[in-house]
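# okay, predicted coordinates and the sequence, questions at the end:
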Amino acid sequence: MQINTDFNVPDFFIRHEKLLFWISGLIAIVFFATGIYFEYSFCFYIPFAILFSTLIILNFRMVFFIMLLVLPVSVESYIGNFGTDLPSEPIVILLAGCTIFYLAANKRELQQKQFKNPVLIILVLMLAWSIFTTLFSTDIFLSVKYVLAKFWYLLGFFILPILLLRNKKSIQLFFWCLFIPTYLSVLYVMVRHGIMNFAFDNITTAVHPIYRNHVNYAVFITMLLPFIFLAKSWYP
């Protein structure tokens with residue numbers, strides 16, 4: 001697991017770049033051929049899963065920015081009774097695991113003043129209270145899902161940015177990774193709503209499938225406004 005938060009990868013992979021390229025290509029061909037021959041569609045996803053897992057191990061910082069790119073255009077989906085946002089939420093779960101491993105390998109990070117901020121302390125106390133009340137829940141399954149979601153959201157969206165966004169350049173990259181796909185999603189909604197003559201009754205239909213309803217749509221793009229005002233100061 002990566003033990004720093006820059007964009008570097010271990011020297012071993014740099015020295016054996018060509019060999020690893022051919023090995024990974026051969027693995028992909030084997031799985032694709034197997035999927036075609038036996039008509040197993042899941043074989044087509046395995047090479048990408050391996051590649052993404054390797055990327056997480058080598059450089060989870062890059063995966064964090066990939067998550068930001070897909071976050072504004074993620075779609076609420078249901079797997080049985082389990083609701084999730086695809087593809088962003090599974091990536092957040094993986095990043096939460098990466099954050100735990102990173103902090104375990106770099107315990108000194110927890111001594112920084114950012115981790116003594118009252119806001120973070122309050123959030124941790126709220127999570128602790130949620131875990132405590134889960135013990136007395138009448139629907140354990142639902143309560144555990146709630147606690148787990150809050151746990152990986154706290155790690156992926158609060159603690160991990162503290163570790164990664166430490167200078168102006170990283171904050172600028174954070175902004176553009178969020179702004180560009182959000183801007184495209186707004187264009188998508190505006191075009192669809194325009195076809196419907198901008199009727200208020202049709203706004204929920206216009207924002208689908210990216211946003212659940214017009215309230216989610218409005219809240220998400222409004223939350224981006226402070227970052228836009230900040231970005232204006234970067235480019236006079």
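Nice, thanks for sending it over.

# beyond the helix or strand bottoming out on mean pLDDT in the chain, next helix or strand please.
Ranked by mean pLDDT, DSSP states H and E, the helix or strand of the chain with the weakest confidence is helix 11-15, at a mean of 67. Toward the C-terminus, helix 11-15 is succeeded by helix 17-38 as the next helix or strand (DSSP states H and E).

# give me the next element, helix or strand, following the longest helix seen in the chain.
Counting by DSSP state H, the longest helix found in the chain is helix 168-195. Going down the chain from helix 168-195, the next helix or strand is helix 203-207, by DSSP H and E.

# list the helices and strands that next one packs on?
Counting contacts by 3 or more Cβ pairs under 8 Å, 6 or more residues apart in numbering; DSSP states H and E, helix 203-207 is packed against helix 168-195, helix 214-223. C-beta here means a position set from N, CA and C on the backbone, and glycine is covered the same way.

# buried sites along the shortest one?
Residues of helix 214-223 classed as buried by neighbour count (16 or more other Cβ atoms under 10 Å): 214, 217, 220-221.

# pLDDT and distance to residue 229 for those residues - can I get that in JSON lines?
As requested, the buried residues of helix 214-223 are arranged in JSON lines below (pLDDT from 0 to 100; distance: Cβ to Cβ, whole Å):
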{"residue": "214", "pLDDT": "91", "distance to residue 229": "23"}
{"residue": "217", "pLDDT": "93", "distance to residue 229": "20"}
{"residue": "220", "pLDDT": "92", "distance to residue 229": "17"}
{"residue": "221", "pLDDT": "92", "distance to residue 229": "14"}
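
# name the element the residue nearest the centre of the chain belongs to?
Nearest to the geometric centre of the chain sits residue 67, at 3.4 Å (Cα atoms, centre = their mean). Under the criterion of DSSP H and E, residue 67 resides in helix 60-70.

# and residue 132, by the same measure?
Taking DSSP H and E as the definition, residue 132 sits inside helix 118-134.

# same question for residue 78.
strand 75-79.

# how about residues contacting that strand?
Here strand 75-79 makes contact (Cβ atoms under 8 Å, 6 or more residues apart in numbering) with 83-86, 209-210, 212.

# now rank those by neighbours and give me the top one.
Neighbour counts for the contacts of strand 75-79 (other Cβ atoms under 10 Å) peak at residue 210, which has 20 neighbours.

# quick one: secondary structure of that residue?
coil (DSSP: H, G, I helix; E, B strand; the rest coil).
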